[in-house]
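>>> need a 3D model of the following:
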Amino acid sequence: MSSPGYRPTPAAASQLNLRGAVDLSSLRRPAAPPAPAPSASADGGSPAGGTPQGGDNGKAPLRVDANESNFQDLVQLSAQIPVLFILWSSYAPESPAVLDAAERVVESYGGRLVLAAADVDTFPQLAQAFQVQAVPTAVAVVKGQPVPLFQGPADDQQIRNLVEELLKVAAANGVTGSMGDAAAAGEDAEPAPLPPLHQAAIDAIEAGDYAAAVAAYKQALLDQPADADAKAGLAQVELMSRLDKLSAPEAETLRDLAAKEPENLQAQLSVADLDISGGHIDDAFNRIITFIGRNFGPERETARVRLLELFEVVGTQDERVAKARQGLARVLF
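Sure, this is the predicted structure:
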């Protein structure tokens with residue numbers, strides 16, 4: 001979905017209000033901490049993934065990736081701080097620019113609001129709840145109520161003007177906190193316990209029993225098919241299991257084989273695993289996308305599924321994943 005241009009909604013500017021008709025409760029579910037990333041790589045590189053924006057410097061992040069697992073927390077946070085949702089898609093070319101502009105604007109307000117980036121391809125329920133017709137779309141949430149802002153491309157100044165109005169509405173409704181206040185309030189809170197199957201998976205990973213961890217995550221997905229953390233955890237532990245079986249000489253042999261036999265699916269997938277574990281994310285994605293573009297039938301589908309799994313390992317909101325999704329779309333369609 002895409003939009004021809006910036007279009008403030010009727011609720012934007014001076015008419016901003018809290019009378020949205022969207023029922024956000026249908027999207028709420030207990031939140032769970034994310035599964036751990038691989039702790040070591042087969043070729044000596046650092047593991048894929050990383051901390052959320054702003055999460056590695058002792059400060060609360062001002063941008064988060066919205067998904068089914070953390071949506072409830074974001075709605076609750078909106079009672080203290082406005083949450084600006086940017087609903088985007090890798091298929092909408094305006095999305096990256098809008099996300100970047102929104103992040104710059106949000107950062108400039110020093111924690112008075114939070115940016116939540118929501119990929120509608122992986123979290124379609126949110127787009128349905130907000131009745132989104134095209135992406136990118138911006139919708140704020142204040143005290144659990146949606147405030148439509150704009151649809152389509154928007155630059156920094158346009159977003160800033162709307163944020164100014166949003167903050168006035170938030171203040172009129174008693175929402176005047178900041179991320180520093182919210183972080184301080186939560187410092188003494190005990191961390192929420194993991195769901196039993198997630199804890200079982202982590203215990204198994206720490207014990208080196210990847211098969212048991214895979215089984216735990218698969219059972220979690222059977223119980224809750226929309227469990228994003230279990231999906232990411234399963235992809236990560238399966239990668240760890242595959243890498244654990246490779247010695248350094250075998251890894252080097254696989255690289256030679258993949259170079260000599262570009263149509264050898266297993267060789268290409270194995271080298272992609274090595275690249276992911278070594279932090280060469282773009283190389284891994286491009287290798288599989290190139291294979292998909294040259295092949296058809298069952299092997300093409302196997303490669304596509306593995307690519308989606310590696311997206312989960314890296315993080316579906318990572319900009320390299322967004323770029324790879326566009327590349328995948330080009331070779332598929």
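
>>> show me where the stretch 101-250 of the chain has its strands.
Along the stretch 101-250 of the chain, counting by DSSP state E, counting those that start in this stretch, strands occupy 114-119, 137-142, 145-151.

>>> nearest to residue 81, of the ones you listed?
strand 114-119 (5.8 Å; C-beta to C-beta). C-betas here are computed from N, CA, C, even on glycine.

>>> which residues does that closest one contact?
61-67, 74, 77, 81-90, 99, 102-103, 106, 126-127, 179, 316-317 (C-beta atoms under 8 Å, 6 or more residues apart in numbering).

>>> with mean pLDDT and mean neighbour count added, can I get the strands of the stretch 101-250 of the chain in JSON lines?
Conversion of the strands of the stretch 101-250 of the chain to JSON lines gives the following (pLDDT from 0 to 100; neighbours: other C-beta atoms under 10 Å):
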{"stretch": "strand 114-119", "mean pLDDT": "93", "mean neighbour count": "25"}
{"stretch": "strand 137-142", "mean pLDDT": "93", "mean neighbour count": "27"}
{"stretch": "strand 145-151", "mean pLDDT": "89", "mean neighbour count": "24"}
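
>>> how about the ones you listed, which one is nearest residue 294?
Between the strands of the stretch 101-250 of the chain, strand 114-119 lies closest to residue 294; by C-beta to C-beta that is 27.7 Å.

>>> what angle separates the closest one from strand 137-142?
140 degrees (axes from the mean of the first three to the mean of the last three C-alpha atoms, to 10 degrees).

>>> strand 114-119: partners in the sheet, and parallel or antiparallel?
Sheet pairing of strand 114-119 (DSSP bridges) gives strand 63-65 (parallel), strand 83-88 (parallel).

>>> can you count the residues close to the nearest residue to residue 210 once chain neighbours are set aside?
Spatial nearest neighbour of residue 210, excluding adjacent residues (C-beta to C-beta, 6 or more residues apart in numbering): residue 241 at 3.9 Å. Neighbourhood size, residue 241 [other C-beta atoms under 10 Å]: 15.
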